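[1] My questions concern the predicted model and sequence given below.
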Amino acid sequence: MEDTIITEEAKPKGIRRFIFPIILIGILSFGAWYGFGKWQFSKTHVTTDNAQVDGNLNPVIPRIPGYVTAVYFKENQLVKAGDTLAKLDDRDIKIRIMQAEAAVANAQANVAVVRANIKAASANGKTAKSGIDVANAGIDAQDAGVEAAKIRVWKANEDFKRFSNLLNEGVITQQVFDGIKAEKEASEKQLEIIKKQKEISKKQQQVSVNQSNASSEMVNATSENIAVAEAGVKARMADLELAKLNLSFTYIIAPADGQVSKKNVQVGQFVQPGQSLCTVLNDETLNLWITANFKETQLEKMKEGQKVDIEIDAFKGKTIKGTVQSLSAATGAKFALLPPDNSSGNFVKVVQKVPVRIFLEPSNEKLSLRPGMSAKVIVNLD
């Protein structure tokens with residue numbers, strides 16, 4: 001009876017002695033199988049969970065400084081491209097437009113004055129040329145008069161000599177001789193007068209020539225002035241167009257269709273050019289992509305066009321399809337605000353990450369993807 005009891009107790013102990021080795025062998029077999037599967041998978045796939053959804057974030061920024069007088073949107077509101085989101089105070093710009101319009105009118109009046117001066121100078125030039133022609137005609141006539149007067153003087157002198165002899169011979173009376181003498185002196189005086197008139201005509205001709213030259217110089221100078229005046233009109237017109245353009249910039253519009261997010265503007269706030277007032281996010285799947293950061297050691301076989309399986313953390317159990325679109329030309333550290341300087345002597349080798357852009361295929365299931373969502377990416381290297 002005792003032998004029977006000992007045999008019954010010994011039997012369970014023998015079974016328990018084999019349970020642990022069996023479990024251990026099972027665990028090792030499963031581990032080997034799992035590891036072999038992972039090894040096989042790693043030969044044809046690379047994966048990373050350092051990935052997120054990206055999209056075009058369109059910042060809404062003012063082009064000019066000013067005080068906000070109205071805000072026409074709320075956070076997370078859907079808008080269309082061209083919708084007015086905010087309005088800036090435009091009173092000072094309207095005053096600049098009026099000033100610019102007055103400056104344009106003044107510049108145009110200046111051009112009209114310069115053109116009138118050109119016409120006046122041209123008229124003076126024509127008058128001076130007419131004076132030259134008249135003076136030349138007078139000089140020609142006076143040259144002929146001088147020649148005629150010289151002939152009369154010569155004839156009077158000859159008559160005076162002849163009648164002097166006749167007077168001495170007593171053939172003529174003293175009265176007749178005095179008449180011949182008077183005619184001689186009169187012809188000589190007339191010759192002197194004609195010569196002086198000719199000199200005066202020459203001086204008048206020179207004055208007309210000087211006036212003509214002065215008028216020509218004035219026309220040339222005024223022509224240059226009109227070019228300057230017309231350039232002034234263009235400058236004032238440019239100022240006017242700039243003022244009108246700035247007036248249009250007082251209306252801050254949506255740059256694209258999408259959803260407004262992160263509102264950073266209130267009525268009465270003073271804003272500066274480049275200051276972000278809000279952001280418009282396009283939430284359509286076709287305008288989103290995945291940015292995955294792979295280790296540099298994973299890029300050996302990766303190339304554009306390879307198929308990608310994507311798992312979004314927000315949608316468990318759903319896989320969407322993608323394609324490798326491009327690989328960054330540098331590591332992410334090189335695009336950092338303060339890139340590492342390995343020449344400073346404190347170098348520690350760290351595996352770098354390279355951003356890879358993944359295109360989302362249009363055939364994917366419509367999911368409410370949003371930029372910034374975390375994702376896991378599996379790239380098929382085949």
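    Yep, that arrived.
[2] pLDDT (mean, whole number) over stretch 240-252?
    Stretch 240-252 shows a mean pLDDT of 94.
[3] make that stretch 303-320, sorry
    90.
[4] Off-centre distance for it?
    Using CA atoms, centre = their mean, to the nearest Å, the distance from the centre of stretch 303-320 to the centre of the chain it belongs to is 43 Å.
[5] ok, which stretches of the stretch 51-200 of the chain are strands?
    57-60, 66-71, 78-79, 84-88 (DSSP state E, counting those that start in this stretch).
[6] and the last one, which strands flank it?
    Strand 84-88 has these partner strands in its sheet, going by DSSP bridges: strand 66-71 (antiparallel), strand 251-253 (antiparallel).
[7] Grab the nearest non-local neighbour of residue 361.
    The shortest distance from residue 361 to any non-neighbouring residue, by CB to CB, 6 or more residues apart in numbering, is to residue 321 (4.7 Å). Backbone N, C-alpha and C define where each C-beta goes, glycine included.
[8] wait, doesn't that neighbour sit right on residue 307?
    Yes: using CB atoms under 8 Å, residue 321 makes contact with residue 307 at a distance of 7.1 Å.
[9] tell me which residues of stretch 251-269 are tucked away?
    Of all the residues in stretch 251-269, those buried under the rule 16 or more other CB atoms under 10 Å are 252, 254, 255, 257, 258, 260, 261, 263, 265.
[10] ditto for stretch 76-95
    For stretch 76-95, the neighbour count (16+ other CB under 10 Å) marks 77, 79, 85, 86, 87, 88, 90, 93 as buried.
[11] Please produce a markdown table containing the strands of the stretch 51-200 of the chain, extended by mean pLDDT and distance to residue 369.
    Output for the strands of the stretch 51-200 of the chain, formatted as a markdown table (pLDDT from 0 to 100; distance: least, CB to CB, whole Å):
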| stretch | mean pLDDT | distance to residue 369 |
| --- | --- | --- |
| strand 57-60 | 89 | 14 |
| strand 66-71 | 95 | 28 |
| strand 78-79 | 90 | 16 |
| strand 84-88 | 95 | 24 |
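[12] Redo those strands as TSV? Include distance to residue 374.
    What follows is the strands of the stretch 51-200 of the chain, written out as TSV (distance: least, CB to CB, whole Å):
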stretch	distance to residue 374
strand 57-60	17
strand 66-71	33
strand 78-79	25
strand 84-88	30
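[13] quick revisit: would a markdown table of the strands paired with strand 84-88 with distance to residue 50 be doable?
    Below are these laid out as a markdown table (distance: least, CB to CB, whole Å):
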| stretch | distance to residue 50 |
| --- | --- |
| strand 66-71 | 38 |
| strand 251-253 | 37 |
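[14] Can you report phi and psi for residue 294?
    Here the main-chain torsion angles of residue 294 (degrees, to the nearest 10) amount to phi -100, psi 150.
[15] To clarify, my last question referred to residue 381.
    Backbone torsions for residue 381, taken as degrees, to the nearest 10, come to phi -80, psi -10.
[16] Please give me every residue in contact with it.
    44, 45, 46, 301, 302, 306 (CB atoms under 8 Å, 6 or more residues apart in numbering).
[17] By neighbours, which of those wins?
    residue 46 (22 neighbours; other CB atoms under 10 Å).
[18] Wait, a strand at that one?
    Yes: counting by DSSP: H, G, I helix; E, B strand; the rest coil, residue 46 is located in a strand.
[19] and the closest residue to residue 262 other than its chain neighbours, which of the three is it?
    In this structure, residue 262 finds its nearest non-sequential neighbour in residue 279, 5.2 Å apart by CB to CB, 6+ apart. What three-state DSSP gives for residue 279 is strand.
[20] Next one: residue 279 from residue 46, what distance?
    Here the criterion is CB to CB, to the nearest Å. By it, residue 279 lies 33 Å from residue 46.
[21] ok, now residue 359?
    Separation of residue 359 from residue 46 (CB to CB): 17 Å.
[22] Ok, residue 98 next?
    66 Å.
[23] cool, residue 99 as well?
    Counting by CB to CB - residue 99 and residue 46 are separated by 65 Å.
[24] give me the element the residue most central in space within the chain is part of.
    The centre of the chain sits closest to residue 242, judged by CA atoms, centre = their mean, with a distance of 12.0 Å. Secondary structure from DSSP states H and E places residue 242 in helix 174-248.
[25] Residue 332: how many residues sit nearby?
    Neighbour tally, residue 332, other CB under 10 Å: 14.
[26] likewise residue 58?
    Using other CB under 10 Å, residue 58 is surrounded by 18 other residues.
[27] Give the bridge partners for it, please.
    Beta-bridge partners of residue 58, as defined by DSSP bridges: residue 280.
[28] Roughly how far does it sit from residue 80?
    Distance from residue 58 to residue 80, by CB to CB: 13 Å.
[29] likewise residue 325?
    Note on residue 325: its distance to residue 80, by CB to CB, is 28 Å.
[30] where are the low-confidence patches of the stretch 251-382 of the chain?
    Filtered on pLDDT under 70, the stretch 251-382 of the chain yields the residue ranges 283-286, 343-346, 363-365.
[31] same check, this time on the stretch 101-250 of the chain
    121-146, 149, 167, 170-171, 177, 198, 201-202, 204-224.
[32] Repeat the analysis, applying 90 as the threshold.
    Under the criterion pLDDT under 90, the flagged ranges of the stretch 101-250 of the chain are 107-233.
[33] If you drop the residues flanking it in sequence, what lies closest to residue 290?
    In space, and not counting its chain neighbours, residue 290 is closest to residue 358: 4.0 Å by CB to CB, 6+ apart.
[34] Look at that neighbour and tell me its secondary structure.
    At residue 358 the chain is in strand, as set by three-state DSSP.
[35] That one touches residue 377, doesn't it?
    Yes: here residue 358 reaches residue 377: they are 6.5 Å apart, a contact under CB under 8 Å.
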